[in-house]
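Student: Generate a structure from the sequence data that follows.
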Amino acid sequence: MTTIFRSNRAPALFHQALIAIALIASGAAGAQTAYPQKPVKLVVGFAAGGPTDVVARAFADHASRVLGQPFVVDNKPGANTILAAQAVASAPADGYTLLFGATNHTMIPGLYSGRVKFDAVKSFKPLCTVATSPTVLVVGPALPVKSLGDYMASARKEPGRLSAGTAGVGSSGHFATEVFARANALKLNHVPYKGAAPVVTDLVGGQLDSSFATLGSVLSQIKSGKLTALAVASPKRSSLLPDVATFAEAGGGNYSADAWYGLLAPAGLDDAIAQQLERVATDFAKSPAAADKLRGLGLDADTTCGSAFASQVSREVVTYTQIARDLDLKAD
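Tutor: Residues are numbered from 1 along each chain as shown. Model prediction:
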């Protein structure tokens, strides 16, 4: 007699197999919708070769390697970065068009009130900063002073004579110049240029007295002795210029004018994609290769992400809009 043993394990095993198949299928579906699935456009509101563009390209290279899809820098210079910001604000919030911007993004509302088609705060989702650059007061051979105290004394002796060049009306340097002058009851002769490069050229050539410049734009001239750095507008001394005092140390008051470089997306970006990009930005800023690249530009790797970055953007818009109103600053 043959005894047949029936087992109740067969239905259980069959059920487990179905679960496994379902998990594999859902994993495959998830992989198909993972971000990114195609190249990502990184819009920059400056011409190629400037600090923002160079940092953007370094970040793009890092993000491409980490996420496995090309991050392509798209330069859209013009109108004080309004063209670039508008392109991103009007793009789909799917993570495939991003803005790599800088501090001047938060100055746009005060300078172009009612003339832009986006809101510098509400139209964007700030993701992360990746670098900061302090503002540094430099003088050329036309003004042979060696300290901030001497600079301020010279400005007070002949109000309005001492020239201070910036990259243009409404630039970060312009705001930095006006804020410092107001805080210290000084009257400086603001000379706007079309970009940072001609400011440096005229400083070195003796046609201009001084400039409140981002450190990256003048670092090589400081190190070569062609320009003299009087003070750094940062809460602490820069590791790139350890012998140069802060404005507070040099008697210029509690004055700070750090510039940031960072990543923003169109408003409404999915939180999961936003968090993924924030992780990539943080990893970039922490990487030794990025730190070396940024130091060569006179920048410090620095990350402020998510809600903290969003709050910073909102605060800056309020501050710069008030300054522009007080000084009646309007950009063409």
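Student: now residue 199, nearest residue through space, not along the chain?
Tutor: Leaving out its chain neighbours, the residue that sits closest to residue 199 by C-beta to C-beta, 6 or more residues apart in numbering is residue 165, at 4.2 Å. Yep, even glycine has a C-beta here, placed from its N, CA and C like the rest.
Student: So the one you found lies in a strand, does it not?
Tutor: Yes - applying DSSP: H, G, I helix; E, B strand; the rest coil, one finds residue 165 inside a strand.
Student: State the number of residues packed around residue 211.
Tutor: Using other C-beta atoms under 10 Å, residue 211 has 30 other residues around it.
Student: Pretty sure it sits against residue 228.
Tutor: No - counting by C-beta atoms under 8 Å, residue 228 is not a contact partner of residue 211; they are 11.4 Å apart.
Student: Which other helices and strands does the longest strand along the chain contact?
Tutor: Counting residues, the longest strand in the chain under DSSP state E turns out to be strand 124-133. Other helices and strands packing on strand 124-133, by 3 or more C-beta pairs under 8 Å, 6 or more residues apart in numbering; DSSP states H and E, are helix 51-67, helix 82-89, strand 259-266, helix 271-286, strand 300-301, helix 306-327.
Student: Would you mind finding the most buried of those?
Tutor: Greatest average neighbour count among these goes to strand 259-266 (a mean of 25), per mean count of other C-beta atoms under 10 Å.
Student: Between helix 306-327 and that strand, find me the angle.
Tutor: 110 degrees (axes from the mean of the first three to the mean of the last three C-alpha atoms, to 10 degrees).
Student: So in that sheet, which strands flank strand 259-266, and in what orientation?
Tutor: Its sheet considered, strand 259-266 pairs with strand 97-102 (antiparallel), strand 124-133 (antiparallel) by DSSP bridges.
Student: between those, which gets nearest to residue 181?
Tutor: Ranking the strands paired with strand 259-266 by their distance to residue 181 (criterion: C-beta to C-beta) puts strand 124-133 first, at 20.8 Å.
Student: what touches both of residue 211 and residue 228?
Tutor: Jointly contacting residue 211 and residue 228 under the rule C-beta atoms under 8 Å, 6 or more residues apart in numbering are residue 138.
Student: Could you list the domains of the protein?
Tutor: Taking automatic domain parsing as the criterion, the chain consists of the domains 40-133+259-327, 135-233.
Student: can you give me the end-to-end distance of the longest one?
Tutor: One end of domain 40-133+259-327 to the other measures 40 Å (C-alpha to C-alpha, to the nearest Å).
Student: Could you do stretch 199-210 as well?
Tutor: Using C-alpha to C-alpha, first and last residues of stretch 199-210 are 9 Å apart.
Student: Ok, stretch 181-197 next?
Tutor: Using C-alpha to C-alpha, one end of stretch 181-197 lies 23 Å from the other.
Student: wait, isn't residue 316 in contact with residue 106?
Tutor: Yes - at 3.7 Å, residue 316 counts as touching residue 106 under the criterion of C-beta under 8 Å.
Student: one step back: average pLDDT for the next helix or strand after the longest strand of the chain?
Tutor: Downstream of strand 124-133, the next assigned helix or strand under DSSP states H and E is strand 135-139. Per-region confidence: strand 135-139 scores 95 on mean pLDDT.
Student: what's strand 135-139 packed up against?
Tutor: Other helices and strands packing on strand 135-139, by 3+ C-beta pairs under 8 Å, 6+ apart, are helix 148-157, helix 172-183, strand 210-214, helix 215-223, strand 228-233.
Student: Just want the angle from the shortest one to strand 124-133.
Tutor: Just to be clear, that refers to strand 210-214. Inter-element angle recorded for strand 210-214 and strand 124-133: 120 degrees (by the same axes, to 10 degrees).
Student: Walk me through which strands strand 210-214 pairs with, and which way each runs.
Tutor: Sheet pairing for strand 210-214, assigned by DSSP bridges, gives strand 135-139 (antiparallel), strand 163-166 (parallel).
Student: Lowest mean pLDDT across the helices and strands packed on strand 124-133, which one is that?
Tutor: Lowest mean pLDDT within the helices and strands packed on strand 124-133: strand 300-301, at a mean of 88.
Student: How about residues contacting it?
Tutor: 130, 131, 132, 133, 238, 239, 285, 286, 290, 291, 294.
Student: out of those, what pair is the most spread apart?
Tutor: Pairwise distances across the contacts of strand 300-301 (C-beta to C-beta) peak at 19.2 Å, for the pair 238 and 286.
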